[in-house]
Structure formats: C-alpha cells, structure tokens
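>>> Sequence first, then the predicted structure, then my questions.
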Amino acid sequence: MKTGKQPAWLDNAIFYEIYPQSFCDSNGDGIGDFNGIIGKLDYIKGLGCNAIWMNPCFASPFGDAGYDVSDYYSVAPRYGTNADLKRLFDEVHKRKMHILLDLVPGHTSVAHKWFLESMKAERNEYTDRYVWTDSIWEEPQGMGCIRGISDRDGSCAVNFFSHQPALNYGFYKPDPAKKWQQAMDSEGAKATLEALKDIMRFWLRMGCDGFRVDMAGSLVKNDEESKGTIKLWQNVREFLDSEFPDAAMVSEWGEPDKSLQGGFHMDFLLHFGPSHYNDLFRCEEPYFSDRGRGDVSAFVEKYLENYEKAEKKGLICIPSGNHDMDRIARGIHGDNLKIAFAFLLSMPGAPFIYYGDEIGMRYLENLTSVEGGYSRTGSRSPMQWDDTNNAGFSAALAEKLYIKTDDSVGRPTVAAQLGDENSLYNEVRRLIGIRQEHTALQSRGEIAFLYAEKNAYPFAYLRSSEKEKILVIINPADRETSFVCGYVPKEKIYSLAGEISVTDGKLTVPPCFAGYYAV
Ligand code: GLC
Ligand code: CA
C-alpha cells in the first residue's frame, strides 16, 4: 500500500497501549505512574514493540478515567509532574521507540476553567467555546445536555457522559432557525480549533511523537457524512505538515475511508462502527474461537472496501483490544490467543497490543465501576508482573489499589511466561520478531485475501512487498479444513501446531493452526 507523507517509523511500528493507572505503581500509592512506566520500558522493548500509546494523563476530576480533562497543559499529579512526563519521552527515545499521547478534543470536564467561564452570564472569551443553546428551555437535539447549573441561560450539549460538555467546532449546516448553532467559520469555533492546536504544539515541543485522538469523528455537529469534521482535520493536517511533519496521528474514528481523508495517518477498526471487527473476537461465535462457528467474510468485505479507499492515504489498525472493550481473553482461549496474534501481527497497518493481552490477562467480571469505567473496568485491572504483592503492580495494601488485581487461580503473569517457551508472551514476541524481519508483513505490505468464505474455515491471505510474498493461513477451528488458493507454500516461516499438506493443489490445514509461508 502506498501512502502519502507519513512518518517513516510507522512503516514498521508495533504499538503497545498503556493505561497509566494500571501499569506500574512506583511509589506504593496504589495507582500507576510515569516512573513506573519508565521502569518497564525495557519490558515493552523486549516484547518487540517500538511504539506506545498512553491513555490520557492530564489533570482531571476522573469522572471518565481522564477523558474528562480539566487542564490540557498539566499532567495529573497522581502520575507525576510534567517534568516526569518529559523524562518518559526522553527514556522512550533513548530506546529508539516513540510515544503518542491521548488527545481529547471533543469535550472537557465540567471542572475545566473554560467551562467555568463559559457558564457565566456575562460574555467572555469562553462564551462560545462550547455548544450552548440560548435558552435553558431549549435542548440541543440528539446530543444530551447539561442544564440548570449555570447562571448563563442555556443548555450545553454533551459529547459523551453528561459531565463532558461538547467543545464548539461549529455546525456543518447550522439550522437558520436556531441562532445558537454556529458555523464552522464563526469566531467561537475557530478559536476552539486554535486552542486545540496550541495544546498539540505544547506537547509536541516537549517531545511527544504524536497523538491518538479520542472520538475524532465527533467534532463538527450536524455533520452526517462527516464532511465538516474531515475538513477540520485537514486544517489540522496543514498545521502539522508545516510545524510538526514527523508527528504521527491515529484516530479513534473507526471509519478509515473518512479519517484518512482528514489527514490522519492511521485509524482503528473498533468495537463500534461498521467494521465487523467484533465478528473476530467479541460476539456470540467469534471467528477466532475454536468452536469454529464464526464468520470472517463480512469483516473481510468491509476491510477491503476501506483498504481500497485508504490506499495511498494511510493505515488501518487492528487492535488486540483497548481500555473500552472486553479483554480478548474473555472470548478467545488457550492456543487460539496465539492464532489471534498470528493474525493481528500479519495484517497491514500498525498493530496495537493492549497492555496485558500479550500474556492473556483476563477480563474481571462484575467489578464495581471505577472512574466511569462501568463494564470497561474489568479490562483495566493492574498489569500482572509476577506473584509478589498485588501481582508486582504496587506495594500498596490491596484495598488501596485503583482497581483490584486478578486474584483467580492460574492468572497469567509476565514472570511465569518469560521463562516458558510455550507461553503466549513468547509466541507474541516470536511473531513480532518475524514481522520485523519481513517487509511483506509490515504496515505497508499489500494484502490480497485468498480464502475468506462465508461461515467457513480456514482464512488465508497473501502479503507482499517488492521483495517477497508470504502466504498466511489461519484456522482457529478445532477441526481439520482444506481449501484451494492457487499458491503452493514453499519455505515455512512460521507455524503453530502441526503442518499443512498439499495434494493436487489442495491445502489441508490442521485444527487450531496458524502458519506463514514464502511462496
Ligand atoms: C473514547 C475513549 C473512552 C472515553 C470516551 C469519551 O471512546 O476511548 O474511554 O470514555 O471516548 O472520551
Ligand atoms: Ca503511584
């Protein structure tokens, strides 16, 4: 896949997502922090990941785990200081790795000083920073709102939870009957966009390598086809091209055909949106379950559609999971997790591994919500390093932990898996190593699907670069399958569980199998 201007390091980037609360607590207060992360950078590098996305770490009342920012320019004291974060950037760079911060452009916390000013009755610099109706009795349709807590006479639209007021980037087609709907080129909307650029400037100057952008598709209102939001991001792209051409941008949008037009380098396939990503790992009959009752065809069809539209523009990224969805190990078990990674690590785009997925960390059922996590809380439990106190995450008393650790029997830990050749950790590390040796498997190698039939197994595709062609065969089902694909495997690059056999051009694939072959 050819791309436009892209930071060169994305060609072979493999990301590791860190939820800073839960990764490593260096000072025993029960919550993860920057110094803890610094201490584990060699672990991440040892796995083979060369890039990091860290969830929001800014000042916040934590009604949504930090996605409710109250000051974009200061980190939350619980993680350390701005200087500590700068040191994290430096330590990452020393290891020839890169790090993205999480930018939340769509909304702030109600505690942000912009919002406090915006709630005042008298006009000021922040009056138009958010989307307000001009009467408390009028609600912004279809958006949910905050009302009745301001001197200002109006209702403020919200972007997600009801404590996350929506920043004003304007309406794509303001309704003339509703004077409060401002255009994208109104002074207020333009000022918000400039404020966003200032925030980006601040962190990029300090040394971060780019951003994962939260709810990137949500900014312009009344924008059904996202044309206004795409235009807005194109404006940001111009700014980045001129001031920070090496900054990498990945969107939480889930529609690469749109986000990449907006100038993002990468977009995620997600548990929401049209991608059929859930068909793989998170539905009643996931394709990667060994029950073998899944269907990969709708995913592939949609993927191809995006792939064709995204060509030359950017990368489609498939995450193992993230802080918003159930852990992959909730629905996929045993060696099938290895098969899932053999897929994730052989697809185009940059792979994203959610912390702990590389050891198969479990989803913790029935936890009481922490900081607006609700059902997501079970995917945010502390990283399991070893079998010492709190799984090596923290020296605090267990009841002081941010979220409780998985204390079930046989819970996976890094320490146990490092020493076990057959562990998931070591398989993921091997697969990353193989990807790094083969350009065909990397971000920009091309893909052609060879076998992805409705309700059928296996699943096969060809990855190719100028130098090589690699056939990938994936059979998560616990039964032997066969297919014809027009290619005969030559040299084996990787295989999990057994060997395929070829008779008259027909390939027979063992149960629960993944393999890469040069052709
Ligand atoms: C994104 C984040 C999620 C957050 C929401 C609101 O989906 O990933 O964690 O709650 O946006 O910011
Ligand atoms: Ca701490």
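Cool, the structure landed. Ligands and ions are numbered 1, 2, ... in the order given.

>>> And for the residue of the stretch 401-519 of the chain found nearest ligand 1, the neighbour number?
In the stretch 401-519 of the chain, the residue found nearest to ligand 1 is Ile403; the distance is 14.4 Å by CB to the nearest ligand atom. The C-beta positions use only the backbone N, C-alpha and C, and glycine is treated the same way. Applying other CB atoms under 10 Å, we find 24 other residues in the vicinity of Ile403.

>>> what's near enough to touch it?
Contact partners of Ile403, counting by CB atoms under 8 Å, 6 or more residues apart in numbering, are 21-22, 364, 367, 370, 373, 377, 380-382.

>>> Enumerate every residue touching Ala456.
297, 481.

>>> Can you name the element that comes right after the helix or strand containing Lys190?
Secondary-structure assignment from DSSP states H and E places Lys190 in helix 187-206. Past helix 187-206, heading to the C-terminal end, the next element that is a helix or strand (DSSP H and E) is strand 210-213.

>>> Next, the angle from the next helix or strand after that next one to helix 187-206.
Using DSSP H and E, the helix or strand that follows strand 210-213 towards the C-terminus is helix 227-243. In this structure, helix 227-243 runs at an angle of 40 degrees to helix 187-206, with axes from the mean of the first three to the mean of the last three CA atoms, to 10 degrees as the basis.

>>> Name the strands paired with the helix or strand just after helix 227-243 and say parallel or antiparallel.
If you walk from helix 227-243 toward the C-terminus, the next helix or strand you reach (DSSP H and E) is strand 248-251. Partner strands and pairing direction for strand 248-251 (DSSP bridges) are strand 210-213 (parallel), strand 266-268 (parallel).

>>> Using a markdown table, please lay out the ones you listed together with mean neighbour count.
A markdown table is the format used below for those (neighbours: other CB atoms under 10 Å):
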| stretch | mean neighbour count |
| --- | --- |
| strand 210-213 | 26 |
| strand 266-268 | 29 |
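
>>> of all the ones you listed, which lies closest to ligand 1?
Comparing the strands paired with strand 248-251 under CB to the nearest ligand atom, the one sitting nearest is strand 210-213, at 8.7 Å.

>>> Please work out the average pLDDT along the closest one.
The average of the pLDDT scores along strand 210-213 is 98.

>>> Run the chain-centre distance for it.
Mean-position distance between strand 210-213 and its chain equals 10 Å (CA atoms, centre = their mean, to the nearest Å).

>>> Would you tell me whether that strand gets close to ligand 1?
No - in terms of CB under 6 Å from any ligand atom, no part of strand 210-213 sits within range of ligand 1; the closest distance is 8.7 Å.

>>> can you list the residues that contact that strand?
Defining contact as CB under 8 Å, 6+ apart, one finds that strand 210-213 is touched by 7, 53, 98, 100-103, 105, 200, 203-204, 247-252, 264.

>>> Close to ligand 1 as well: tell me which of these qualify.
Counting by CB under 6 Å from any ligand atom, Glu252 from the contacts of strand 210-213 sit close to ligand 1.

>>> contacting residues around the closest residue in space to Tyr517 that isn't next to it in sequence?
Across the structure, with CB to CB, 6 or more residues apart in numbering as the measure, the residue nearest Tyr517 apart from its sequence neighbours is Pro489 (3.5 Å). Residues touching Pro489, when contacts are defined by CB under 8 Å, 6+ apart, comprise 471, 473, 500, 502, 507, 515, 517-519.

>>> got it, and Ala391?
With contact set as CB under 8 Å, 6+ apart, Ala391 has these partners: 382-385, 405-406, 411, 413.

>>> Also Lys113?
For Lys113, the set of contacting residues under the criterion of CB under 8 Å, 6+ apart consists of 70-71, 126.

>>> Same list (the residues you listed) but as TSV, adding neighbour count.
Written out in TSV, the entries for those read as follows (neighbours: other CB under 10 Å):
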residue	neighbour count
Ser70	21
Asp71	16
Tyr126	21
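
>>> Out of those, which sit inside helices?
With helices identified by DSSP state H, none of the entries of the contacts of Lys113 belong to them.

>>> Surely Met206 touches Arg87?
No - the pair Met206 and Arg87 fails to qualify as a contact (CB atoms under 8 Å) at a distance of 10.6 Å.

>>> Let me see the backbone angles for Tyr43.
According to degrees, to the nearest 10, the main-chain angles of Tyr43 amount to phi -60, psi -50.

>>> contacting residues for it?
When the contact criterion is CB under 8 Å, 6+ apart, the partners of Tyr43 are Val414.

>>> Could you do Ile434 as well?
Applying CB under 8 Å, 6+ apart as the definition, the contact partners of Ile434 turn out to be 345, 441, 493-494, 516.

>>> Taking the residues you listed, tell me the two that lie furthest apart.
Maximum pairwise distance among the contacts of Ile434 (CB to CB): 12.2 Å, between Leu345 and Ile493.

>>> Pull the residues that contact stretch 405-420.
With contact meaning CB under 8 Å, 6+ apart, stretch 405-420 is reached by 43, 359-362, 364, 381-387, 390-393, 398, 423-426.

>>> Next to ligand 2, which bits of the stretch 301-450 of the chain? Give me the list.
Counting by CB under 5 Å from the ion, the stretch 301-450 of the chain comes close to ligand 2 at no residue.

>>> Closest residue of the stretch 301-450 of the chain to ligand 1?
The shortest separation between the stretch 301-450 of the chain and ligand 1 is 4.8 Å, found at Asp324 (distances taken as CB to the nearest ligand atom).

>>> Please check the contacts of stretch 405-420 and keep the buried ones.
43, 359-362, 364, 381-385, 390-393, 423-426 (16 or more other CB atoms under 10 Å).

>>> Show me these that map onto helices.
Among the buried ones among the contacts of stretch 405-420, the members falling in helices (DSSP H) are 43, 424-426.
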